[in-house]
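Build the 3D model from these lines:
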Amino acid sequence: MLGNELDLAIGPFTITSKRENVIDFTVPFMQDGGAILTKRSQPGPDILTVFKPLPLAMWLSVGGALIVTGTALYVITSAAAARRRHFGKEDGDKTWWSFGDSVFIVYGSLVEQGASRHPESSAGRLVLGCWWLFTILIVSIYTASLAAQLTVTVHERTVDTLQDLVSSSLTPLTLSGTTWQSSFQNDSSEMYRAIGARMTTVLDENEVADLVMNNDLAYIMDVSALDFLQMQDCKHLHRSEHIFAVNGLGLAVPQGAKYKNLINNVILKLQESGVINIWKRRWWQASSTDCDGQDSVKGKRTVAEGSRPLELVSIGGILILYGAVIVFAFFCFLLQKVCECGRVRAWKERIMDKCGVARYHF
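Predicted coordinates for the structure are as follows:
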């Protein structure tokens, strides 16, 4: 249409070889590339937050180590006590611990409660000393991770490269009729073709933000356009760090237009004087006040958006566990009382039988 109806097309037109076959471009007024816009994951409150600093495998390993250490301590102290009694030591029975005592002492060391008694044998002290060292490391790791999870909101990693997009379940989206649509659908690259096969298009760019926020879509477009969209709602939108297919943007004129050189001179003067950079900062940093702590337009990745107040649901898991243990302890207490009452009754019946006292049942 240029040359027949129009003399100049102003916009962020990417300079490509195919377009050069039918129209001319001025010198690039800025460099731009492609990027991906997706919605940020918003982690909600989790009742199991207090258990997440350590993975399940580590929790199981700590529990297994506690049982193994308690068993080893029980075997060592029992052997030491038997040896002292064998040699006629009067206080040999004082160093003997039951299996339950050994496990509880090891557990007390894990929660930094110390122990009222310590093994007298060198082997027992070595086992307990190594367990103390292990405890220091585990508790330090857990404390640091828990403090970070309770006070800092951490976003899950989003799509940052084309490879991430290929392996994700997001549907690629781009503006209809753009160079990105033709590039991904006609490029010989296997990765580009894989994205192009799943790609869908949108006609109105004003609908992109709502579409990305309400659907599982990944919008592919020029970095400058995505940065502007992201700054409108940077708390919920994420622009990929990786920039691909970097190219120049120019103005389109008919082939052989005599005023092309005049426009080129004006663009070069604007670049040399810094006016274009001033215009860019005016539009791309006007809304950056609320984007502190988010992914910046320069591609820096930050996963934490700052400290947040502690919520009750964050420690809900430990409260539920505490309540369950209290209920279980009360149940054990009742069961113990029932067993004691049964033993007392049996003891009284045996005494009465020995004394020849008749028992009458009414």
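
so what's residue 53 closest to, chain neighbours aside?
Spatially, and ignoring its direct neighbours in sequence, residue 53 is nearest to residue 145 (3.3 Å; Cβ to Cβ, 6 or more residues apart in numbering). (C-beta placed from N, C-alpha, C; glycine too.)

correct me, but that neighbour touches residue 54?
Yes - using Cβ atoms under 8 Å, residue 145 is in contact with residue 54, at 7.3 Å.

Comparing the two, which residue is more hemmed in?
Taking other Cβ atoms under 10 Å, residue 145 and residue 54 do not tie; residue 54 has more neighbours (16 against 13).

In a helix, that one, correct?
No - read with DSSP: H, G, I helix; E, B strand; the rest coil, residue 54 is coil and lies in no helix.

was I right about it contacting residue 141?
Yes - Residue 54 is within contact range of residue 141, at 7.4 Å (criterion: Cβ under 8 Å).

Do a quick rundown of the strands in the stretch 151-300 of the chain.
Applying DSSP state E, counting those that start in this stretch to the stretch 151-300 of the chain gives strands spanning 152-154, 171-175, 200-202, 217-222, 237-239, 244-253.

Show me the one of these that comes nearest residue 340.
strand 152-154 (51.1 Å; Cβ to Cβ).

returning to what we had before: for the helix or strand harbouring the residue nearest to residue 53, what is the distance to the chain centroid?
Here residue 145, judged by DSSP states H and E, is contained in helix 122-151. Taking Cα atoms, centre = their mean, to the nearest Å, the mean C-alpha location of helix 122-151 is offset from the chain mean by 24 Å.

and it, what other elements does it pack with?
helix 56-86, helix 99-110 (3 or more Cβ pairs under 8 Å, 6 or more residues apart in numbering; DSSP states H and E).

and the closest residue to residue 194 other than its chain neighbours, what pLDDT?
Among residues not flanking residue 194 along the chain, residue 166 sits closest, at 5.4 Å (Cβ to Cβ, 6+ apart). As predicted, residue 166 sits at a pLDDT of 88.

So that it lines up with my notes, have the first residue be 20 from now on.
Done: numbering now begins at 20, and the last item shifts to residue 185.

From what I see, residue 185 and residue 212 are in contact.
No - with contact defined as Cβ under 8 Å, residue 185 does not reach residue 212; the gap is 10.3 Å.

Give me the more crowded residue out of those two.
Under the neighbour definition other Cβ under 10 Å, residue 185 and residue 212 were set side by side, and residue 185 has more, 16 against 13.

ok, the more buried one to residue 55 distance?
As for residue 185, its distance to residue 55 is 11 Å (criterion: Cβ to Cβ, to the nearest Å).

follow-up on the earlier one: the residue nearest to residue 213 and residue 237, how far apart?
According to Cβ to Cβ, residue 185 and residue 237 sit 10 Å apart.

Tabulate the strands of the stretch 170-319 of the chain in CSV, adding columns for distance to residue 295, mean neighbour count and mean pLDDT.
Converted to CSV, the strands of the stretch 170-319 of the chain look like this (distance: least, Cβ to Cβ, whole Å; neighbours: other Cβ atoms under 10 Å; pLDDT from 0 to 100):
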stretch, distance to residue 295, mean neighbour count, mean pLDDT
strand 171-173, 37, 13, 58
strand 190-194, 24, 21, 90
strand 219-221, 29, 14, 89
strand 236-241, 16, 23, 90
strand 256-258, 21, 24, 87
strand 263-272, 11, 18, 87
